[in-house]
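*Asks:* I need the structure of the sequence given here:
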Amino acid sequence: MFKFEDLSIDTGKAGDFFKVTPEPTIKGIVDVIFSQPNFEQGPWIAGGMARQLVLGETDFNDIDVWFSSQRQLDLIRSRLSEVYGSRVWMEHSSDNAETFDVGGFKVQLIKKKFFSSLDEIFDGFDFTCCQLAVDKNLQIYGPGKQDAADRRLRVHRLNKDSFLARYAKYVGYGYSMPNEEFLDWINKTHDINYKFDGAAFGY
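*Replies:* Numbers count the residues shown, from 1 in each chain. Model (predicted):
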C-alpha cells in the first residue's frame, strides 16, 4: 500500500512544497544543534543530558543548549523550526532560557549568559556531576564523569539562592552528599535561601 512517507522527494521548489517533516529523535535534534562545524566555539549541550548518559539513562529530562552569542542562539532556534516545523513549539521563555517542545523532547536554549568556551560553562555549574557535555556523536566530555557515575553530590560553586533546592533535586535523582559535608555548607553560608521556588531548581 502506498504511504505518503514513502514518497521520494525531488529537490527544488516542488520538492520543498512536498517536503515531509521528519519525526524528531534525540540524534536528529543533536545533529541540528551541532550543524555548525566548530564544536570549540559552540553551541554546546552540557549538564543533565550528559549526566544521564553516564548513568545509561536515555529518557532525558531535557536537552540544555549553551551558546557563545545571541546570533548563535537565534540560528539554532531557526534551524530547529526549519527542520521540524509545526512539531516545534515554545513552552515558555524566561530570563534564563527559552524552553521548546520538539516532538515531545524538551529543549532549553540557555540565554542568561553567553560563553567563550565549554570550560567557562563547566566553571559556572554548582555540582561537579553536572560538569559534563556531549558532542554530535553523543560522546561524553568533562571532569564530572566519575562523580556522575558514582551519584556523588560534590559542590563546585555554591549558589546560596539555589543550593537547597538543587540539593533536594539531585537527592531525588539518587545522588548523595555526606551529612557532615552538607551541614558544613549550611553552617558557613549566610542568607541561604530556604524557599523552593521554581526558578531555584535551575534548568
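
*Asks:* Pull up the distance across stretch 134-154, start to finish.
*Replies:* Criterion C-alpha to C-alpha, to the nearest Å; first-to-last residue distance in stretch 134-154 is 21 Å.

*Asks:* Just the element for the residue nearest the centre of the chain, please.
*Replies:* For the chain, residue 64 is the residue whose C-alpha lies nearest the centre (C-alpha atoms, centre = their mean; 1.5 Å). Using DSSP states H and E, residue 64 maps to strand 63-66.

*Asks:* what do you get for residue 27?
*Replies:* helix 26-33.

*Asks:* And for residue 79?
*Replies:* helix 70-84.

*Asks:* Contacts for that helix, please.
*Replies:* Here helix 70-84 makes contact (C-beta atoms under 8 Å, 6 or more residues apart in numbering) with 21-22, 24, 28-29, 32-33, 35-36, 42-43, 65, 67, 88, 98, 100, 102-103, 107, 109, 111, 114. The way it works is simple: take the backbone N, C-alpha and C, and place the C-beta from them, glycine included.

*Asks:* Moving C-terminal from that helix, which element do we reach first?
*Replies:* Taking DSSP H and E as the definition, the helix or strand right after helix 70-84 is strand 88-93.

*Asks:* What pairs with that next one, parallel or antiparallel?
*Replies:* Partners of strand 88-93 in the sheet, by DSSP bridges, are strand 97-102 (antiparallel).

*Asks:* Could you check how far the partner strand is from the centre of its chain?
*Replies:* Put simply, strand 97-102 sits 10 Å off its chain's centre (C-alpha atoms, centre = their mean, to the nearest Å).

*Asks:* report the angle between the axes of that strand and helix 26-33?
*Replies:* Inter-element angle recorded for strand 97-102 and helix 26-33: 130 degrees (by axes from the mean of the first three to the mean of the last three C-alpha atoms, to 10 degrees).

*Asks:* of the contacts of helix 70-84, buried ones?
*Replies:* 24, 28-29, 32-33, 42-43, 65, 67, 88, 98, 100, 102-103, 107, 109, 111, 114 (16 or more other C-beta atoms under 10 Å).

*Asks:* Using CSV, list the CA coordinates for the helix holding residue 79.
*Replies:* Output in CSV follows, covering the C-alpha atoms of helix 70-84 (Å, rounded to 0.1, in the frame of the first residue of the first chain):
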residue,chain,number,x,y,z
GLN,A,70,22.7,35.7,20.7
ARG,A,71,23.3,35.3,17.0
GLN,A,72,24.2,31.6,17.5
LEU,A,73,21.1,31.0,19.7
ASP,A,74,18.9,32.7,17.1
LEU,A,75,20.4,30.4,14.4
ILE,A,76,19.8,27.2,16.2
ARG,A,77,16.3,28.2,17.1
SER,A,78,15.6,28.9,13.4
ARG,A,79,17.2,25.6,12.3
LEU,A,80,15.1,23.6,14.7
SER,A,81,12.0,25.3,13.3
GLU,A,82,13.1,24.8,9.7
VAL,A,83,13.8,21.1,10.2
TYR,A,84,10.8,20.2,12.4
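
*Asks:* Alright, I will stop here.
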